[in-house]
Structure formats: structure tokens, C-alpha cells
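K.L.:
Only the shape, not the letters, is given here:
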């Protein structure tokens with residue numbers, strides 16, 4: 001099974017980039033403009049014309065397979081990224097990776113908070129010491 005290290009958006013970007021590169025290199029063709037416009041109209045009707053328009057989950061498998069079909073495979077001997085067929089385990093793996101990153105950032109934030117609190121306590125002690133030391137110097141000068 002192929003491991004997915006990045007969240008779904010990075011896989012989407014990667015696969016979109018492969019398709020775009022192949023189109024620009026003349027190795028793949030987009031559907032006719034009328035088909036693209038119909039897809040956009042249907043998508044707006046389904047998701048709206050806001051942020052949800054760009055959300056590909058649920059529907060990840062259909063989206064990835066569409067990108068893969070449009071990009072095609074590199075010809076024998078040609079360089080190019082081979083896009084593997086969609087794996088039904090990817091959404092679960094992507095979510096698990098996302099949850100691990102959330103936990104990592106929570107821990108990093110908690111560790112930083114503790115370091116900050118420790119530094120604040122140290123500065124408060126230093127301030128008290130400086131104040132006490134300054135008072136002692138002032139008394140000894142009199």
C-alpha cells in the first residue's frame with residue numbers, strides 16, 4: 001500500500017500539477033470548454049460559489065480518478081509522474097496524519113507555554129533580586 005505523508009490538499013495540488021504540466025507540454029488535453037463550463041455550473045449548484053466549491057471531500061476518489069484519467073500516463077521512456085489508482089484507505093490515512101499533526105502542534109504549544117511561564121518566573125525573580133540588590137547598595141552608601 002502506498003503511504004500518504006501529506007494532507008489531502010497537498011495530494012490534490014500534486015495531481016493537479018501533474019495534469020497542468022502534461023497539458024502545457026502537449027501530452028494531455030482538457031475536455032472541451034463546454035464540458036468544463038457544465039462541470040463548473042453543476043459544482044456551483046451542488047456546493048455553492050464559495051469556499052465549499054473547492055472542497056473535494058467527500059468525493060475524493062472521483063476527483064483523484066478524474067485528474068488521473070485526464071493526465072494519463074507518461075509514454076514508455078518519457079519522464080513523468082505516474083499517478084497510482086485511488087486507494088480507499090487514503091481518506092483514513094490522511095485523517096490519521098492530520099490528527100497526528102494536530103496533536104504535535106498541541107504538544108508544541110503546551111511546551112512553549114511552559115517555557116514562557118518558566119521564563120516569566122525567572123524574570124520576576126531576577127527583578128526581585130535586582131530590586132533587593134539595588135536597595136542593599138543604596139543602604140550601604142548611606
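P.N.:
That came through, no problem. Every value quoted in this text rests on a predicted model; they were computed, and no experiment measured them. Numbering: from 1, shown residues only.

K.L.:
Where does residue 87 sit, in terms of helix or strand?
P.N.:
Of the helices and strands defined by DSSP states H and E, none includes residue 87.

K.L.:
The closest residue to residue 60 other than its chain neighbours and residue 61: what is the separation?
P.N.:
Leaving out its chain neighbours, the residue that sits closest to residue 60 by Cβ to Cβ, 6 or more residues apart in numbering is residue 91, at 5.9 Å. Every residue, glycine included, has its C-beta placed from N, CA and C. Residue 91 is 8 Å from residue 61, where distance means Cβ to Cβ, to the nearest Å.

K.L.:
Check residue 55 too.
P.N.:
14 Å.

K.L.:
right, and the residue nearest to residue 60 touches residue 57 too?
P.N.:
Yes: between residue 91 and residue 57 there is a contact under Cβ atoms under 8 Å: 6.9 Å.

K.L.:
Give me the more crowded residue out of the two.
P.N.:
residue 91 (16 against 13; other Cβ atoms under 10 Å).

K.L.:
name the helices or strands packed onto the one helix or strand that one maps to?
P.N.:
Secondary structure from DSSP H and E places residue 91 in helix 90-141. Identification of packing neighbours for helix 90-141 by 3 or more Cβ pairs under 8 Å, 6 or more residues apart in numbering; DSSP states H and E yields helix 8-24.

K.L.:
Give me the contact list for the helix it packs on.
P.N.:
4, 6, 28-30, 56-57, 60, 63-64, 67-68, 70-72, 80-81, 83, 90-91, 94 (Cβ atoms under 8 Å, 6 or more residues apart in numbering).

K.L.:
any idea of the mean pLDDT for that helix?
P.N.:
Average pLDDT, helix 8-24: 90.

K.L.:
what do you get for stretch 31-41?
P.N.:
97.

K.L.:
Report the distance from it to the chain centre.
P.N.:
28 Å (Cα atoms, centre = their mean, to the nearest Å).

K.L.:
Just the residues contacting that stretch, thanks.
P.N.:
Against stretch 31-41 from outside (Cβ under 8 Å, 6+ apart): 30, 70.
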